[in-house]
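Q: just coords:
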């Protein structure tokens, strides 16, 4: 048999087993092979490099880095997971989100009024929670999530999932994250459907969010709130990312006040004043915004990966972190 045909067969068998989740017996019946031959082909596929299996415990934590982070930054708590050698950014995001879900479920006392933001990491976190992670939690959205694009937002779905799995109740924020005029934002806040939810969010004992990087894959761009050109202008003005839809600089300050005046959700000072404020962050692209969030006290608990934690502990970063904590 020609070598490329060999590889094609190995790929077919591996795909049927690992992706389509067929049993070796089912594969054998389909391809008219014995179960023994299917097992041998699967072994050959691994030897040929067509199948790569990585075993990484999702809840493994780098305790030394966690302690150093708390000592250096004053965080009340930190969770640091090890990044796998061949792990890409999306795989890392999923594992850090899972660690965030595990941390949320283990919080003692369990949240009674939980404020949640939205985005890709938060969506993965919600999907990682188990039924019964809490008993009677009330979940409230802390920033607007109605999309302006043709792609539906996951904001209400993920908040609903967190509440449902926590045997609780839900208050959604039926409003966009960014509106066109400041007067529109003020009018929406005066409506009880929005104002009452924001008032609840401001009383949350625990808030959970994932800051966004200042890049073209920003969920605010994908959701139609901002264009790529506007995002570049924010970056040129010193923005390192966004927190619950508000763009911040390296010191945790608002970059564009006019844009912030059109942003609907909890103000940043409300995040700083919550008893438990959890930021879930992963990946190189978010190093700068993560440093800003920690240094300015926007979170008091951080769930992240070991590369991001090590970046925060760089001597130059440590000086900024301590200075920022003093200003917060």
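A: Here it is on my side, so go on. Just so it is clear, the structure is predicted and the values come from calculations on it, not from any experiment.

Q: quick one: low-confidence ranges for the stretch 1-150 of the chain?
A: Flagging of the stretch 1-150 of the chain using pLDDT under 70 yields the residue ranges 1-5, 53-59, 86, 146-150.

Q: Sketch out the helices for it, chain order is fine.
A: Under the criterion DSSP state H, counting those that start in this stretch, the stretch 1-150 of the chain contains helices at 3-14, 24-31, 35-47, 63-73, 89-106, 120-128.

Q: now those helices as TSV including mean neighbour count and distance to residue 172?
A: Glycine gets a C-beta too; all of them are placed from N, C-alpha and C. Below are these laid out as TSV (neighbours: other CB atoms under 10 Å; distance: least, CB to CB, whole Å):
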stretch	mean neighbour count	distance to residue 172
helix 3-14	14	43
helix 24-31	16	43
helix 35-47	16	46
helix 63-73	17	33
helix 89-106	20	19
helix 120-128	22	14
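
Q: hey, where'd the strands end up in the stretch 201-328 of the chain?
A: Under the criterion DSSP state E, counting those that start in this stretch, strands of the stretch 201-328 of the chain are mapped to 206-209, 212-213, 241-243, 246-248, 276-280, 301-305.

Q: what's the closest of these to residue 157?
A: Nearest to residue 157 among the strands of the stretch 201-328 of the chain is strand 206-209; the distance by CB to CB comes to 15.4 Å.

Q: if I look at the closest residue to residue 202 other than its chain neighbours, how far off is residue 34?
A: Spatial nearest neighbour of residue 202, excluding adjacent residues (CB to CB, 6 or more residues apart in numbering): residue 270 at 5.3 Å. Applying CB to CB, to the nearest Å, the value for residue 270 to residue 34 is 65 Å.

Q: For these two, indicate the residue with more neighbours.
A: The neighbour comparison of residue 270 against residue 34 (other CB atoms under 10 Å) goes to residue 270, with 19 against 11.

Q: List the residues that contact the residue positioned nearest the centre of the chain.
A: For the chain, the residue nearest the mean C-alpha position is residue 121 (2.2 Å; CA atoms, centre = their mean). Residues in contact with residue 121, defined by CB atoms under 8 Å, 6 or more residues apart in numbering, are 93, 96, 97, 100, 210, 280, 281, 282.

Q: The residue lying closest to residue 91 once chain neighbours are set aside: neighbouring residues, count only.
A: Distances taken as CB to CB, 6+ apart put residue 84 closest to residue 91, at 7.3 Å, once the chain neighbours are dropped. For residue 84, the neighbour count with other CB under 10 Å is 14.

Q: Just give me how far stretch 170-184 sits from the chain centre.
A: Distance of stretch 170-184 from the chain centroid (CA atoms, centre = their mean, to the nearest Å) equals 21 Å.

Q: Please identify the buried residues of it?
A: For stretch 170-184, burial by neighbour count (16 or more other CB atoms under 10 Å) applies to 170, 171, 172, 173, 175, 176, 177, 178, 179.

Q: Would you mark the buried spots in stretch 235-251?
A: Within stretch 235-251, the residues that count as buried by 16+ other CB under 10 Å are 239, 240, 241, 242, 243, 244, 245, 246, 247, 248, 249, 250.

Q: any chance of the contacts of residue 121 in a markdown table, plus distance to residue 139?
A: A markdown table is the format used below for those (distance: CB to CB, whole Å):
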| residue | distance to residue 139 |
| --- | --- |
| 93 | 22 |
| 96 | 21 |
| 97 | 17 |
| 100 | 15 |
| 210 | 16 |
| 280 | 16 |
| 281 | 21 |
| 282 | 23 |
